[in-house]
Every structure is written in structure tokens, then in C-alpha cells.
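Peer 1: here are the coordinates; sequence isn't available:
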């Protein structure tokens, strides 16, 4: 038995999200089907975490166990033969049988892309979110700084999640202007359900003056979602990378 | 009656091409439906030319006539309200009633995008074509130079076209390396059916040593398609701009 860790990416547009759901088009199902076609075994893949419908991944990771004799260096090409073009495996390596793509993930980074163009480029209609407001970048900076560190992020979590521990640590939060695009980048030890999209929505609302910086403090203190900004669209969100120890 | 010229762009992926066809999803149909929703008139749009299934447009142009009293400066926003997100109108202006988006087009520019990455980025699976070969860029340059000027491009035209005059002029043909991407850019007074895709396919085959530069000469002399390279995929092709006098 070998445990294989793959690094892969996908365009989330056509999918109901990463995680397998009966009767729905998911990344996990496509991945498992491709692995089964290659190994001729019934297998389950375990990813670093799920991503929601419409969310993209620049680098996502998953492990699976196989008894197949396919050489590890042949796995990338073999899987890509069976995968749809909007899912691609970039690399595969053998890992220790105790390695777990989910539990060994130490840091995750997401990016969120806004377009500030007058009219959103139709080529990127599903890869960026239109931003119609002028932002006060000092306030945006302050909002990002407030979110950094270890906090109880219960107020930044959509209902429907079954987690009980809302403590998360944000290591880094930054904003880069790239031409007509604003790219937020956030690194943490983990993220709650919709947490990135609620943080970004809250930062934008603070930046445009609809919310006060104080709202973030209130969210930490009360754990109440109602003090935050809206959950921004999935289109602009990308899982950027996962760091393992 | 006012004649309106609009500049618009689209992602061709989900469409059977620009031109209206019964029972098919086309850009023209979406555009006409949107204009009808805004003007409440039955109208026809006339574009600079058609693009094939899967071909994108960064800037495409079309005109239509309307008796509606909507202000010209309100047209962009109104149309975008009714258009799907993968088609966007960027600008609209009133033009002389003799202006014709097709016949007044003096120059058209297309770009063609290849990816030279080991594995094509799944985010761009429908926006670039994989190139697996190493190219001799001197030969590519020479091939582009041979194509410049006025020639009979019959050999660079797919069958199924009804045109009788195959004389076209290529004003400019260039190649830019942008990171992992190769971007060909070609400007001409007009292009035959599949002409850009056959030119690019032929240039690539010359660049990788599968065809000789002499093949291009033979194509001009005989008008025979068989001496050329294959028709490259629509995914990498973009109508880049149209120039009017």
C-alpha cells in the first residue's frame, strides 16, 4: 500500500463545490473517478478541505491510498488523461502512511479578486467580482490588521456549519492592486464555513464607510454575524495554497 | 432613426459562435434579445464579422438602428442589465446612417494564445491552447514575415466558405512571450474562414520542424490546403480589435 499526495487545481465554475454530493457535479467525484480509472481500485480521496460551489483552486492537495503498481511519476499524466480540462493534477508524490492532507495542513492561503473596471471583463466574469465602490484604503488596512491574530471567528461563519471551536489564527492579510484588480490575500491556520467571504465582505463595507471598524471588534466580542458585511460572491475566491509541515 | 455602434466583448466558450443559428446559443441572439428588451423594437445587429464557436472577443463591434428614445449614454448599462455576464457592452455611440460595422472595418486584429506550461492552468483551460513542442523562433519569425503582405490565402481557408476573392493583406504579424504564454498577434484587412487558425497551425508546424518554410510558398502558389499545418483549436483565439476609418 502506498499513500499518494497530489497537488491539483481547478476552475470551480461548473461544480457544486469540492465535496461529493449525490447527483451533483463535484471536484471530488471527478477526481475519484479518474483515480479509479487509473488504479482500477475503489478509492476515496481526502483533500486539505472542501471549497464551495464556484470557488477556484490554484493549488489544492489531497491524499489517497493505492495498491496499484503504477509508478508515482506516471500518476500526473495518467490522471490528467481522465480528468476534465478544468481540473488538472500538477504533481504527485508518495508520502508516509500517517500523512493526512487534511490534518497535516498547517496554513492555508486564499486570494479574493475584485475588478474595479467600469464594466467587468466578460472573459473573467466567473473569476472576479465587480467592485463598484471607492474604498478608503487606510480603513481597509486597519480592518485587515484587526483580523490578524488569534480570535473567535464565530461571527464570521455562516450557519449550517457543525464545528464547535471557532478559534482561528490569521497569520497574514494583505491587499495588492494589480491594474484594474484588487487582490486580497489571507493566510490562516484554517477557515470556518464562508469565513473568507464574510471577512472580505466586512472589510469592503468598512472601506466604503457602510460599517465602522468597531463592527469587527463587536463581531469578535458577541460572535454575532449581524454586525458584519455581506458574504461576497464565490466567483472571486481562490484557494491559493496549503502549507504542510 | 438613429444608428448606434456598440463595442462589446465576450467569452465564446458557451456559444455556437457569433452568428445566429436556429436552435443554437449564439452571441448575436443574446445581443438582439437584449437590444429588443431595451428598445421594445424588433431589430437586427450587424457585427464587424462572425467568430466561430469557442472564439472569444476582447473588442467586437456591431451596429443597429433604433427609433427608441433611450439616450445613447444609457445604452451600455441598459444592455448589460439584459445580457449574460459572459457578454458585456463597453461603449455605445451614435454613428452616421451610412456607417456599417462590417463594411467600414478597415483592419482587424486577432491574438492567439498558447500555453507552454507542463500542465495547462485549469483556470484558463478554455482560453489558451497547450503547446507541447519546442519552437525554433527564427523560423517562426520567418514564417510570420512570409505571411505579411498581400497574398492569395485560398490555401489558408477551410472549405465551406462561399467567398470568391481570396486576396487578403496582412499588415502585421508578431509574437510575444508573456511568462508561460506565447501570444501571436496578427492584423489584416480581413480574414477568410479559419484563416487565422490555419496560419497559426502552419507557423507552429514550421517552428517545430514538421513543415518547411517552403510550404508557405507552395500554399500561396497552389492554393492547396494540404501543404499547411492543422487548424489550431478555437480556445486560444481572440478577436482583439477592429479599426474603422
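Peer 2: Perfect, I can see it now. Owing to the predicted nature of the structure, the values given are computational and were not obtained by experimental measurement.
Peer 1: Now do residue A:28 against residue A:54, distance only.
Peer 2: Separation of residue A:28 from residue A:54 (CB to CB, to the nearest Å) stands at 15 Å. Just so you know, the C-beta spots here come from the backbone N, C-alpha and C atoms, and that holds for glycine as well.
Peer 1: Revised request: answer the last question for residue A:100.
Peer 2: 27 Å.
Peer 1: of those two, who's got more company?
Peer 2: residue A:54 (19 against 16; other CB atoms under 10 Å in any protein chain shown).
Peer 1: Let me know the secondary structure of that one.
Peer 2: coil (DSSP: H, G, I helix; E, B strand; the rest coil).
Peer 1: buried ones in stretch A:33-44?
Peer 2: A:34, A:35, A:38, A:39, A:43 (16 or more other CB atoms under 10 Å in any protein chain shown).
Peer 1: what does chain A put close to chain B?
Peer 2: For chain A, the contact set with chain B under CB under 8 Å from any CB of the partner chain comprises A:9-11, A:56, A:58, A:76, A:80, A:85-90, A:118-123, A:125-127.
Peer 1: In helices, which of the residues you listed fall?
Peer 2: A:76, A:80 (DSSP state H).
Peer 1: Quick one: buried ones out of the residues of chain A next to chain B?
Peer 2: Neighbour-count burial (16+ other CB under 10 Å) applied to the residues of chain A next to chain B gives A:9-11, A:56, A:58, A:76, A:80, A:86-90, A:119-123, A:125-127.
Peer 1: how about the helices in chain A?
Peer 2: A:27-39, A:75-82, A:137-147, A:195-207, A:213-222.
Peer 1: ok, and which of these has the densest surroundings?
Peer 2: helix A:195-207 (a mean of 25; mean count of other CB atoms under 10 Å in any protein chain shown).
Peer 1: Now do that helix: everything it contacts.
Peer 2: Contacts of helix A:195-207 with the rest of the structure, by CB atoms under 8 Å, 6 or more residues apart in numbering or on different chains, involve A:110, A:112, A:114, A:131, A:133, A:135-137, A:139-140, A:142-144, A:147, A:153, A:156-158, A:168, A:184, A:186, A:211-213, A:215-216, A:219, A:225, A:228-234, A:236-237.
Peer 1: Turn the buried ones among these into a named ChimeraX selection, would you?
Peer 2: Buried residues within the contacts of helix A:195-207, by 16+ other CB under 10 Å, are selected in ChimeraX with:
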select /A:110,112,114,131,135,139,140,142,143,144,147,153,156,157,168,184,186,211,215,216,219,225,228,229,231,232,233,234,236,237
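Peer 1: Just the contacts of helix A:195-207: which are in strands?
Peer 2: Judged by DSSP state E, strands contain the following of these: A:110, A:112, A:114, A:168, A:184, A:186, A:237.
Peer 1: farthest pair in those?
Peer 2: A:114 and A:168 (23.1 Å; CB to CB).
Peer 1: Can you tell me what sits against stretch A:76-91?
Peer 2: Here stretch A:76-91 makes contact (CB under 8 Å, 6+ apart) with A:6-11, A:13-14, A:27, A:30-31, A:33-35, A:37-38, A:59, A:70, A:75, A:92, B:118-122, B:125-126.
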